[in-house]
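**Q** After the sequence you'll find the predicted model.
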Amino acid sequence: MRKPLSSVPAIALALALAASITQAQEAPLRIVVGYAPGGSTDRVARIVADKLGSKLGTPVIVENKTGAGGRLSAQAVKAAPAHQPTLLLANPAVMLVAPLVFPDAGYDPERDFRPVSHVNSYEFGVAVGSAVPVKELPHLMAWLRANPDKANFGVPATGSLPHFFGLMVGDAAKVRAEVVGYRGSAPLLNDLLGGQVPVAFDTFDTLLPQHEAGKIRILAVSGAKRSALDGKIPTFKESGLDLAATGWNTFFAPMGMPKAQAERLAALIHEVMKDPDTQRKFEAAKMEPVVATMAQTEAMLKAYRAQWAPVVQRSGFKP
């Protein structure tokens, strides 16, 4: 018996919808990182991606989309098509600072993204290359005053929190610091090791391996107390500068992703971060893992914005 012609469009629509859902389920998840391979954000992405892929049963691809201090990565994820599951792994430079200081940032963190999972926290450090004859932060301040033409500070991205630390240290030394932004930590470290830049501000975990190898010297760490990774290095406050802060890496979903899908990914990442093996991998990479629910992540971000948005605005920083 022939089906009524009126039912054909409905059947076709249902089949197309089912195919679309199947395609979305089978499509590999992309994790977009705004920095070059080798930096701390990239390392976090790859540790989580490895475990998350097993739970999803589909590949998880880490994509490094560098440029514009990480803003290109946020713009790309905001525009991700609905059928392509995509997460952004970002830090305060991308999701707090950039939208405040770049009128054309191209995205709004609160309107265009949904927080998914806060996965690690980190401190900042200031380090010097082997050619700089200082061993403590007060010595660096004196060296900068004596050599103002050498006050070139490398940072992993323009407009990042290390950038603001550099500006504040330059102000404290009463020198006009020239901040040099890089496309991530790896090229910054290469230039610090090669002597192309004398001073670097970056995440503590990124700087630490080269410090332990004796190739650079970390002079201070930004935490409220000394880091568990190396308790010999004093804080900024202990060294005479009233500076303290931590950063974070957090997964965000574009608002175009269905809320249920974002919640499922948040639950799976939460499971990944509770895994003792994941925590061991973070600790081996000298990073502090964080296990947070979606609600805890949202609360953290709200408090962080309340603390740091006024600081960024008062700084008068212009890109």
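**A** Thanks, I have the structure now.

**Q** Look up phi and psi at the closest residue to Gly170 other than its chain neighbours.
**A** Distances taken as C-beta to C-beta, 6 or more residues apart in numbering put Ala177 closest to Gly170, at 2.9 Å, once the chain neighbours are dropped. Yep, even glycine has a C-beta here, placed from its N, CA and C like the rest. Backbone torsions of Ala177, given as degrees, to the nearest 10, read phi -80, psi 140.

**Q** SS state for Ala76?
**A** Using DSSP: H, G, I helix; E, B strand; the rest coil, the structure places Ala76 in helix.

**Q** roughly how far apart are Ala299 and Ala76?
**A** Ala299 is 27 Å from Ala76, where distance means C-beta to C-beta, to the nearest Å.

**Q** Comparing those two, which shows the higher neighbour count?
**A** Higher neighbour count among Ala299 and Ala76: Ala76, with 19 against 14, using other C-beta atoms under 10 Å.

**Q** any idea what sits nearest the more buried one, other than its immediate chain neighbours?
**A** Of all residues not flanking Ala76 in the chain, Lys65 sits nearest, at 5.4 Å (C-beta to C-beta, 6+ apart).

**Q** right, and Met141 touches Ala173 too?
**A** Yes. Assessed by C-beta atoms under 8 Å, Met141 is found in contact with Ala173 at 4.6 Å.

**Q** Who has more neighbours out of those two?
**A** Legend: neighbour count by other C-beta under 10 Å for Met141 and Ala173, higher for Met141 (21 against 18).

**Q** Tell me who's in contact with the residue nearest to Ala76.
**A** Lys65 makes contacts with Val32, Val33, Gly34, Leu72, Ser73, Ala76, as judged by C-beta atoms under 8 Å, 6 or more residues apart in numbering.

**Q** In helices only, show me those residues.
**A** Per DSSP state H, helices hold the following members of the contacts of Lys65: Leu72, Ser73, Ala76.

**Q** Which one of these is nearest to Lys51?
**A** Of all the ones in helices among the contacts of Lys65, Lys51 sits closest to Ser73, with 21.5 Å by C-beta to C-beta.

**Q** give me the number of residues near that closest one?
**A** Counted with other C-beta under 10 Å, residues neighbouring Ser73 total 24.

**Q** Of the ones in helices among the contacts of Lys65, which is the nearest to Thr158?
**A** Leu72 (12.7 Å).

**Q** So the closest one sits against Gly34, correct?
**A** Yes. The pair Leu72 and Gly34 passes the contact test of C-beta under 8 Å, sitting 6.5 Å apart.

**Q** List the residues that are in contact with both of these two.
**A** Common neighbours of Leu72 and Gly34 (C-beta under 8 Å, 6+ apart) are Lys65, Thr66.

**Q** list the helices and strands the biggest strand by length in the chain packs on?
**A** What stands out as the longest strand in the chain, according to DSSP state E, is strand 113-122. Using 3 or more C-beta pairs under 8 Å, 6 or more residues apart in numbering; DSSP states H and E, the elements in contact with strand 113-122 are helix 40-56, helix 71-78, strand 86-90, strand 247-254, helix 259-274, strand 288-289, helix 294-315.
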